[in-house]
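S.K.: Okay, structure incoming, though there's no sequence with it:
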């Protein structure tokens, strides 16, 4: 979406990537580390920094990842993409 | 008549915009009554439907249904629906009003696109759909508040309710009367926060239960065991429908065309003109009509899969598998349908959102062992392995099918790393909520795909059929006509025969003589014609219906030195050639229609024939070395 994304503050190195989630895990997206044009489209789809995310299930051999967002949207992410999405685990 | 109408003879354009699955098509059908044609817009290479709606006070407006998009600002690839919609709004005809359709149950997601639309100047109106589901889920939308906060007109509808038509038309008339707005690059609200603000919760136990509907269905349809089993079941049903429901209809249509051909044959005198009309023009028209049942059946099936939300689930289940070939889960349905016929399968690639994956799917679908190859395989097997039993034949058939699928996946992987590199779209797919498909929308989708095929592909096929007729029936200049002319003699002096002879140096390393080359040229109209063409060369009548005599003739044919003209090695090499070569003018015509260029059909010919030659050559060498030559 067109809102300015908060200045790209480097994510805390501790933030794990979404692909470390197990079904049932939840957290918040803190960074999407893909090239800008692609990131723009991903954000427009609804996967944005600050959005809460939970992993519902994974497909064959753990790929793709079926996630639900706080906004109500559900998406299937390929694991290589999930690796580039940094999340803060919910306590 | 108003002054404006005099100055602008063209009806004002109203463009429908929205995310995929937002309910845009349902609204479009509701407003136009379903009557739609594919608009012709410069530079727009996806089908954009346009229709007319009578707006009270504003007269007729041209309603344009743009492809579903997530964003207009973020465009990764020029071939995406996003890029096409943006191009239309930026450079297309002047748009009097943009109407964004939002799914009320996923309002926060839709409002992200609203922000982008507000950043553009011009008139904008929001239609929030699925209000029936929203209410069943115990949520209420405050449309007035949304309108006030977003600064544009908002209507809330259930597009399935016929009464929604009047509501939206009235709103359109009011929105068109407003002055165009200035661009607002930074709307002062956040999409998710605004959605939360305008929706009020009054959840009852039933409503909470309804909210979990998609989740519960997913629990079954995406279950690690039940999910794949159901997927196989559904895909088998779709495939069987294309195969067995469409096949009798196709036979019926072909019988009708044959009957017409006999009628015309009775009126016209025997000679080239009659042959041209019956075997060229009518045969081409018959080919076109023969595809229609499959296209309509597959069109209905795909609309049902897409509108119900199941397509995204099926894609989820097989996504990982197809990524090996550089494709995604959505390519599965076209690839599977390629086993019935490449023509409807290539039309079905429209469900693949990623333009590069879609293109590669189109390019590899012709490698699948389609049903038209079966008679040729059967003939070749009985000609070259007459002594072998049923089990052997079944194994060869299975091997040919497996080879086709294997080559398609390998070719896909190679093409995605070379000619059609790059991502195109991020590897993320939305999983929409389940919905019951609307019967009206389903039938209209089927009619549209049939019409797109007839108008966009039909003519090309008829022209190609006439050209092919010329190759097979017109004598090479200067060829002598014997006193006792026969169909065999006529074919032997045709342009195709001469071309077949010229090609002998190229095909000799594969074990093909000029007769097989002519058969290959003849099979370009439809693969099963290989059998008929070879039948004419060998003076065997009705070889299509009774291939056994032809098979015996091929087996008995001897060269000057007494060795068989077609040893087993030639049979194997020919089968290998058939597995890969795109021997089908209809497939090429439909690739042209869907890519809107001759480049990709030419590329398909080039790469499949190159690959077919190499494969057939390898098979021939190995078989000859093994003593089968």
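M.R.: On my side now, so go ahead. The model shown is predicted, which means the values in this text are computed figures rather than measured ones.
S.K.: CA atoms for contacts and neighbours, from now on please.
M.R.: Fine.
S.K.: which SS state does the residue in the stretch 1-150 of chain B that chain A sits nearest to fall under?
M.R.: With C-alpha to the nearest C-alpha, the shortest gap between the stretch 1-150 of chain B and chain A falls at residue B:74, namely 5.0 Å. Look at residue B:74: counting by DSSP: H, G, I helix; E, B strand; the rest coil, its state is coil.
S.K.: so residue A:48 sits right up against residue A:29, yeah?
M.R.: Yes - in this structure residue A:48 lies within contact range of residue A:29 using C-alpha atoms under 8 Å: 6.6 Å.
S.K.: which parts of chain B sit against chain A?
M.R.: Contacts of chain B with chain A, taken as C-alpha under 8 Å from any C-alpha of the partner chain, map to B:70-71, B:73-76, B:106, B:108-109, B:112-113, B:115-116, B:186, B:192, B:224, B:316-320, B:425-432.
S.K.: mind listing which of the residues you listed are in strands?
M.R.: Using DSSP state E, B:428-430 are the members of these that sit in strands.
S.K.: quick one: contacts for residue 62?
M.R.: In the absence of a named chain, chain A is used. residue A:79 (C-alpha atoms under 8 Å, 6 or more residues apart in numbering or on different chains).
S.K.: Sorry, I should have been clearer: chain B.
M.R.: By C-alpha under 8 Å, 6+ apart, the contact set of residue B:62 is B:11-14, B:50-53.
S.K.: Reformat those as CSV; add pLDDT and secondary structure.
M.R.: Listed next are these as CSV, based on pLDDT from 0 to 100; DSSP: H, G, I helix; E, B strand; the rest coil:
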residue, pLDDT, secondary structure
B:11, 88, coil
B:12, 91, coil
B:13, 92, strand
B:14, 94, strand
B:50, 89, strand
B:51, 90, strand
B:52, 91, strand
B:53, 91, strand
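S.K.: now these in a markdown table, with neighbour count?
M.R.: Conversion of the contacts of residue B:62 to a markdown table gives the following (neighbours: other C-alpha atoms under 10 Å in any protein chain shown):
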| residue | neighbour count |
| --- | --- |
| B:11 | 16 |
| B:12 | 20 |
| B:13 | 19 |
| B:14 | 24 |
| B:50 | 22 |
| B:51 | 21 |
| B:52 | 22 |
| B:53 | 20 |
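S.K.: what's in contact with the longest helix anywhere in chain A?
M.R.: Secondary structure of chain A per DSSP state H: the longest helix is helix A:36-45. By C-alpha under 8 Å, 6+ apart, the residues outside helix A:36-45 that reach it are A:1, A:32-33, A:48, B:70-71, B:73-76, B:109, B:112-113, B:425-426, B:428.
S.K.: Name the member of those residues with the most neighbours.
M.R.: Most neighbours among the contacts of helix A:36-45, by other C-alpha atoms under 10 Å in any protein chain shown: residue B:71, with 29 neighbours.
S.K.: residues touching that one, list them.
M.R.: Residue B:71 makes contact with A:1, A:41, A:44-45, B:82, B:113, B:116 under the criterion C-alpha under 8 Å, 6+ apart.
S.K.: Closest to residue B:66 out of the ones in strands among the residues of chain B next to chain A?
M.R.: Distances from residue B:66 to these, taken as C-alpha to C-alpha, are shortest for residue B:430 (18.7 Å).
S.K.: Assign the closest residue to the closest one other than its chain neighbours to helix, strand or coil.
M.R.: Distances taken as C-alpha to C-alpha, 6 or more residues apart in numbering or on different chains place residue A:75 nearest to residue B:430, at 4.3 Å, with adjacent residues excluded. What three-state DSSP gives for residue A:75 is strand.
S.K.: If you rank every helix and strand of chain A by mean pLDDT, what lands last?
M.R.: Lowest on mean pLDDT, DSSP states H and E among the helices and strands of chain A sits helix A:36-45, with a mean of 90.
S.K.: element containing the residue nearest to residue B:251 when sequence neighbours are not counted?
M.R.: Closest residue in space to residue B:251, ignoring its immediate chain neighbours: residue B:290 at 7.6 Å, by C-alpha to C-alpha, 6+ apart. Per DSSP states H and E, residue B:290 falls inside helix B:283-308.
S.K.: same deal with residue B:594?
M.R.: Taking DSSP H and E as the criterion, residue B:594 maps to helix B:585-595.
S.K.: I'd like to know which elements that helix is packed against.
M.R.: On a contact count with 3 or more C-alpha pairs under 8 Å, 6 or more residues apart in numbering or on different chains; DSSP states H and E, helix B:585-595 meets helix B:342-348, helix B:459-473, helix B:599-623.
S.K.: And residue B:356, which helix or strand is it part of?
M.R.: Using DSSP H and E, residue B:356 sits in helix B:355-364.
S.K.: which residues sit against the very next helix or strand once past that helix?
M.R.: Next in sequence after helix B:355-364, counting helices and strands by DSSP H and E, comes helix B:374-384. The contact list for helix B:374-384 (C-alpha under 8 Å, 6+ apart) reads B:393, B:397, B:527-528, B:530-531, B:547-548, B:550-552, B:554-555, B:566-568, B:571, B:575.
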